[in-house]
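Colleague: only geometry, no sequence info:
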Ligand SMILES: Nc1ncnc2c1ncn2[C@@H]1O[C@H](COP(=O)(O)OP(=O)(O)O)[C@@H](O)[C@H]1O
Ligand SMILES: O=P(O)(O)O[C@H]1O[C@H](CO)[C@@H](O[C@H]2O[C@H](CO)[C@@H](O)[C@H](O)[C@H]2O)[C@H](O)[C@H]1O
């Protein structure tokens, strides 16, 4: 047997022994995590793609774990990034991080827990990000201009999100992607491109890491905007106090336009021709139909909603074309942070996590992001009682006014494309809420009822 073959056999053996210890615990724990994408389908098998010891004593493990689930259990399954620590005993404050007590295999007798909750473990992650190079299955990179101080105190960000983040000393934030896909994650690609353009609307990556073959982005480190308020919280605060939010909405429009302009300068743009627009309309129609199968509450609105996409196909037939460029891809109020000076920045360029990476990295008309923000003003207004449609309408107009002031183009001049994207987004939201937050499903459904009537 060659040395490489012997090494890979030893590593496969190590993987299966480790899995023996963790498998029963992970099968129960994984599906309960907010970021677990395969909710509602049983996990039929777990396999390990890679295991890296982040500490030499083996008490901190980086895993790329594949969850096999029907109906796609014959495919590769979804791959998740886990940082798991083990200890003989845990301090009480780590009780919520416990994955379970290991009863079999080489780790028997120890407790496995979510390492991102433990500052002793997340300090090690920061140290790794400070030093470029390869460690086991991981490769670390650092931006040449990035300053990463030592010994910053870590704290986990406890918000329930699609990924997991750790804040270091209120000056840096590391984001660990959970469901990982082969390819460069736009959440790294776009902020790097914007930093090259000198765009200050987005925190610039200081360091990042990927799989050792360079194929899959796993996480990144950025400056933390201490004291910043997120757009969603701020909007709700204004709604509760019944205070006007249009000045902020206008500034948000300006920030979006500046980011779009910088992205169009930094990365290739294309023209959406008649064929591409027809394909877009067909894709949106298909998404409507498949989502209605998964979320039956959508069924009554299908005929009305279809007209939004038919109108888009009709415009394509008339020969109308649009410019497409790289965009944020999942823009909503929660992705906008206002620093204490009142300056808005955009974060989380990952795109809609459930869509394929290749689709998320393609150029799209900027209308798609704008529609996301318009939906978000509606979301905020709908989540507050009594419902105040006028609040939402005035924010939506102010946002478009701000966008036009910074870019010279008012999105409302393209109502058909905007309605198609708003409808598509609300359909995505209906599926997202049905899967992750069923109590919220009425919010996108109310919008879909309105959009269906615009036919
Ligand atoms: N640079 C930053 N400065 C301050 N807070 C941040 C920063 N980046 C992210 N956050 C906070 O972390 C939360 C999650 O980050 P986000 O990138 O949206 O992750 P996810 O993909 O899990 O939704 C955000 O809602 C925001 O409150
Ligand atoms: O986790 P991400 O920020 O990547 O985005 C996902 O979760 C969002 C909810 O946390 C979801 O956004 C929807 O709810 C928001 C209010 O909580 C609202 O402001 C957005 O307009 C609405 O789309 C987002 O769609 C989803 O991808």
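Modeller: Sure, I can see it. Values in this document were obtained by computation on a predicted structure and should not be read as measured data. Residues are numbered from 1 along each chain as shown. Ligands and ions are numbered 1, 2, ... in the order given.

Colleague: Name the nearest residue to whichever residue of the stretch 201-350 of the chain sits closest to ligand 2, sequence neighbours excluded.
Modeller: The nearest approach of the stretch 201-350 of the chain to ligand 2 comes at residue 332, 3.5 Å away (CB to the nearest ligand atom). Bear in mind the C-beta positions are built from the backbone N, C-alpha and C, glycine included. Leaving aside its chain neighbours, residue 332 sits nearest to residue 376 (4.0 Å; criterion: CB to CB, 6 or more residues apart in numbering).

Colleague: Would you mind measuring from the residue of the stretch 201-350 of the chain closest to ligand 2 to residue 252?
Modeller: For residue 332, the distance to residue 252 (CB to CB, to the nearest Å) stands at 11 Å.

Colleague: Tell me which of those two has more neighbours.
Modeller: residue 252 (27 against 21; other CB atoms under 10 Å).

Colleague: hang on, the more buried one is in a strand, isn't it?
Modeller: No: secondary structure of residue 252 (DSSP: H, G, I helix; E, B strand; the rest coil): helix, not part of a strand.

Colleague: What pLDDT is listed against residue 107?
Modeller: For residue 107, the model assigns a pLDDT of 87.

Colleague: Over to residue 288?
Modeller: Predicted confidence (pLDDT) for residue 288: 98.

Colleague: I'd like to check what contacts the strand or helix carrying it. Which residues are they?
Modeller: Here residue 288 sits within helix 274-294, counting by DSSP states H and E. Helix 274-294 is contacted by residues 272, 298-299, 302, 305-306, 308-310, 312-313, 315-317, 319-322, 324, 420, 423-424, 427-428, 430-431, 434 when judged by CB atoms under 8 Å, 6 or more residues apart in numbering.

Colleague: returning to that earlier point: so what's in contact with residue 332 and residue 252 at the same time?
Modeller: Counting by CB under 8 Å, 6+ apart, the residues touching both residue 332 and residue 252 are 231, 373.

Colleague: what ranges do the helices span in this protein?
Modeller: In the chain, the segments counted as helices under DSSP state H are 3-29, 119-130, 186-196, 231-240, 246-266, 274-294, 302-317, 357-360, 367-382, 389-407, 415-436, 442-453.

Colleague: With residue 340 as the reference, name the closest of these.
Modeller: With CB to CB, the closest approach to residue 340 among those belongs to helix 231-240: 12.3 Å.

Colleague: now that closest one against helix 367-382, angle please.
Modeller: Interaxial angle, helix 231-240 versus helix 367-382 (axes from the mean of the first three to the mean of the last three CA atoms, to 10 degrees): 40 degrees.

Colleague: between helix 231-240 and helix 246-266, how big is the angle?
Modeller: 160 degrees.

Colleague: what helices or strands is helix 231-240 leaning on?
Modeller: helix 246-266, strand 336-338, helix 367-382 (3 or more CB pairs under 8 Å, 6 or more residues apart in numbering; DSSP states H and E).

Colleague: can you redo the ones you listed as CSV with mean pLDDT?
Modeller: Below are these laid out as CSV (pLDDT from 0 to 100):
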stretch, mean pLDDT
helix 246-266, 98
strand 336-338, 98
helix 367-382, 97
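
Colleague: mind listing what residue 202 touches?
Modeller: By CB under 8 Å, 6+ apart, the neighbours of residue 202 are 190, 191, 194, 195, 259, 345, 346, 347, 349.

Colleague: From residue 312, how far off is the residue of the chain found nearest ligand 1?
Modeller: In the chain, the residue that lies nearest ligand 1 is residue 161 (2.8 Å; CB to the nearest ligand atom). Distance, residue 161 to residue 312, by CB to CB: 32 Å.

Colleague: about what we covered before: and the residue of the chain closest to ligand 1, how many neighbours?
Modeller: Around residue 161 there are 15 residues (other CB under 10 Å).

Colleague: before we move on, back to that, now rank the contacts of residue 202 by neighbours and give me the top one.
Modeller: residue 190 (28 neighbours).

Colleague: For the nearest residue to that residue once chain neighbours are set aside, give me its contacts.
Modeller: Leaving aside its chain neighbours, residue 190 sits nearest to residue 349 (4.2 Å; criterion: CB to CB, 6+ apart). Residue 349 sits next to 186, 187, 189, 190, 191, 202, 328, 329 when contact means CB under 8 Å, 6+ apart.

Colleague: hang on, the earlier thing: would you mind confirming that the residue nearest to residue 332 is in contact with residue 333?
Modeller: Yes: look at residue 376 against residue 333 with CB atoms under 8 Å: they come within range, at 4.3 Å.

Colleague: Now do the shared contacts for the two.
Modeller: Counting by CB under 8 Å, 6+ apart, the residues touching both residue 376 and residue 333 are 231, 232, 235.

Colleague: just the contacts of residue 202 that are near ligand 1?
Modeller: residue 347 (CB under 6 Å from any ligand atom).

Colleague: The residue lying closest to residue 107 once chain neighbours are set aside - how many residues pack around it?
Modeller: Closest residue to residue 107 apart from its sequence neighbours, by CB to CB, 6+ apart: residue 21 at 4.1 Å. Residues near residue 21, counting by other CB under 10 Å, number 19.

Colleague: just checking, residue 21 touches residue 101?
Modeller: No: contact criterion CB under 8 Å: residue 21 and residue 101 do not qualify, at 10.7 Å.

Colleague: list residues touching both of the two?
Modeller: With CB under 8 Å, 6+ apart as the test, residue 21 and residue 101 both reach residue 112.

Colleague: Spell out which residues of the stretch 201-350 of the chain are next to ligand 1.
Modeller: Counting by CB under 6 Å from any ligand atom, the stretch 201-350 of the chain sits next to ligand 1 at 203, 222, 224, 225, 228, 230, 334, 335, 337, 347, 348, 350.

Colleague: let's see 8 Å
Modeller: 203, 222-226, 228, 230, 334-335, 337, 345, 347-348, 350 (CB under 8 Å from any ligand atom).
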